[in-house]
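Visitor: My questions are about this predicted structure, shown below with the sequence.
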Amino acid sequence: MIPARKSQLVFYRDVSLYTKVKDGQYALYKPSGISLCDMRIDEERHPNVLYIKKADKIRGIQEAQKGFNRELKKDIKAGNQEKVKETLVNIVEETLTEPRSGSLEGVSETVDILVSDYASEFNVIKSLLDVSSKDYTTALHSINVMALSIGFALHARYSLSEAKVLGLCGLLHDVGKSKIDHNILVAQRRLTNEEFEEMKQHTILGYKILHKCKFSDKRISLAALEHHEKLDGCGYPDGKGIISETSQVLGIIDCYEALTNDDRPYRHAAPPFKALEIIKNDVRAGKYNKDIFSDFIQYLGKKDV
Ligand SMILES: [Fe+2]
Ligand SMILES: [Fe+2]
């Protein structure tokens with residue numbers, strides 16, 4: 001048995017919930033087929049912690065994703081931008097805790113919703129980037145990269161389906177970090193060489209996870225593998241100089257997002273103009289594609305108008 005996330009309990013319909021009774025035993029609290037709301041019990045009167053069977057975890061995530069997606073649609077319509085961000089963080093955090101086939105595909109619908117509503121609800125995506133958070137997690141970074149990717153794609157006149165692919169690449173590019181030691185991810189000091197070597201593995205691990213998923217577009221797993229590669233062959237994991245275009249776009253957006261938001265004691269987050277200056281030097285050094293970079297600058301210029 002594992003504890004169920006409180007924010008998701010209302011979405012569990014076809015997942016049974018259990019409560020802990022004496023001597024470490026569990027008793028059925030809510031059977032599959034009904035929801036907690038159907039039980040007509042005051043919210044506060046439910047036990048503080050409810051449990052699900054480990055085997056139900058993926059199904060639970062799928063139900064929660066569907067529920068969150070329904071909420072997301074409502075929040076977008078209502079223009080409730082802070083709630084949109086909160087809902088997204090919930091979906092993404094939950095999905096990244098169990099990153100494998102069956103749960104990762106669920107975020108595809110989430111990106112669909114955001115891309116289709118982009119034209120009418122432009123401010124929603126824009127505001128995803130405006131809300132900063134104190135605890136900068138992989139989930140938040142991934143959401144920011146996704147929002148920038150969708151915005152960039154639509155600015156660069158990609159089709160809606162191409163914008164969706166780029167958004168998914170952005171949302172899932174760091175999924176391999178879920179397999180990296182947490183202490184390395186949150187280290188408030190420079191990583192040792194050994195730790196950095198382990199960190200680099202998130203590209204290969206992410207590729208392996210996404211490769212097993214049922215995404216029809218192979219660029220999604222490829223972007224996880226290639227987003228730290230550089231055109232001059234100095235990137236990782238393979239140090240190859242030929243990189244797919246989607247991964248090149250994502251590489252620039254990922255770098256910009258991390259430079260402007262990832263604040264650590266030894267390396268402070270940079271203001272946008274400074275981050276662009278740093279990337280510009282890398283473009284001059286042949287690491288990034290010049291044309292993609294200038295399109296990205298144009299997009300950022302427009303975004304802030
Ligand atoms: Fe990465
Ligand atoms: Fe990243």
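Guide: On my side now, so go ahead. Ligands and ions are numbered 1, 2, ... in the order given.
Visitor: where does the stretch 51-200 of the chain come near ligand 2, residue by residue?
Guide: D174 (CB under 5 Å from the ion). (Glycine included, C-beta is placed from N, CA and C.)
Visitor: For the stretch 51-200 of the chain, which residue gets nearest to ligand 2?
Guide: D174 (4.3 Å; CB to the ion).
Visitor: Now that residue. Nearest residue, chain neighbours left out?
Guide: Nearest residue to D174, sequence neighbours excluded (CB to CB, 6 or more residues apart in numbering): T138, at 5.4 Å.
Visitor: contacting residues for the one you found?
Guide: By CB atoms under 8 Å, 6 or more residues apart in numbering, the residues touching T138 are L96, D174, K177, S178, L185.
Visitor: can you check G286 too?
Guide: L231, D232.
Visitor: so it sits in a strand?
Guide: No: G286 sits outside any strand when classified using DSSP: H, G, I helix; E, B strand; the rest coil, being coil.
Visitor: and it, what are its phi and psi?
Guide: Dihedral pair for G286: phi 80, psi 20, per degrees, to the nearest 10.
Visitor: try S159
Guide: In terms of degrees, to the nearest 10, the main-chain angles of S159 are phi -70, psi 170.
Visitor: where does the protein have its least confident helix or strand?
Guide: helix 122-130 (a mean of 60; mean pLDDT, DSSP states H and E).
Visitor: what's the following helix or strand after that helix?
Guide: helix 138-155 (DSSP states H and E).
Visitor: circling back to that earlier point, mind checking the backbone torsions on the residue of the stretch 51-200 of the chain closest to ligand 2?
Guide: Dihedral angles for D174 - degrees, to the nearest 10 - are phi -100, psi 20.
Visitor: Neighbours of it, how many?
Guide: D174 has 23 neighbouring residues, counting by other CB atoms under 10 Å.
Visitor: Kindly report the same for the one 10 residues further on.
Guide: Taking other CB under 10 Å as the neighbour definition, I184 ends up with a count of 16.
Visitor: Not including adjacent chain positions, what is the nearest residue to it?
Guide: E195 (5.1 Å).
Visitor: pLDDT at that neighbour, what is it?
Guide: pLDDT, E195: 96.
Visitor: Please, which helix or strand holds it?
Guide: Going by DSSP H and E, E195 is part of helix 193-200.
Visitor: following that helix, which helix or strand shows up next?
Guide: helix 202-211.
Visitor: tell me the angle of that next one relative to helix 138-155?
Guide: 70 degrees (axes from the mean of the first three to the mean of the last three CA atoms, to 10 degrees).
Visitor: still on that earlier bit, ok, the residue of the stretch 51-200 of the chain closest to ligand 2 - contacts?
Guide: Residues counted as contacts of D174 (CB under 8 Å, 6+ apart) are T138, H141, S142, H202, G206, A224.
Visitor: In JSON lines, list the residues you listed along with pLDDT.
Guide: Shown next, in JSON lines, are the contacts of D174 (pLDDT from 0 to 100):
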{"residue": "T138", "pLDDT": "83"}
{"residue": "H141", "pLDDT": "89"}
{"residue": "S142", "pLDDT": "89"}
{"residue": "H202", "pLDDT": "95"}
{"residue": "G206", "pLDDT": "92"}
{"residue": "A224", "pLDDT": "96"}
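Visitor: so is L28 in a helix, a strand, or just coil?
Guide: strand.
Visitor: Quick check: G102 vs I220, distance?
Guide: G102 sits 16 Å away from I220 when distances are taken as CB to CB, to the nearest Å.
Visitor: More neighbours: those two, which one.
Guide: It is I220, of G102 and I220, that has more neighbours when counted by other CB under 10 Å, with 26 against 15.
Visitor: mind showing which ranges of the stretch 51-200 of the chain have poor pLDDT?
Guide: 117-136 (pLDDT under 70).
Visitor: need the helices for this structure, in chain order.
Guide: 57-77, 81-97, 107-118, 122-130, 138-155, 160-172, 182-185, 193-200, 202-211, 219-226, 245-261, 272-284, 290-303 (DSSP state H).
Visitor: Dump the ones you listed into CSV; add distance to P3 as well.
Guide: CSV is the format used below for the helices of the chain (distance: least, CB to CB, whole Å):
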stretch, distance to P3
helix 57-77, 11
helix 81-97, 12
helix 107-118, 23
helix 122-130, 29
helix 138-155, 19
helix 160-172, 26
helix 182-185, 18
helix 193-200, 29
helix 202-211, 24
helix 219-226, 29
helix 245-261, 30
helix 272-284, 39
helix 290-303, 40
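Visitor: Out of those, which is closest to R45?
Guide: Of all the helices of the chain, it is helix 57-77 that lies closest to R45, at 21.4 Å by CB to CB.
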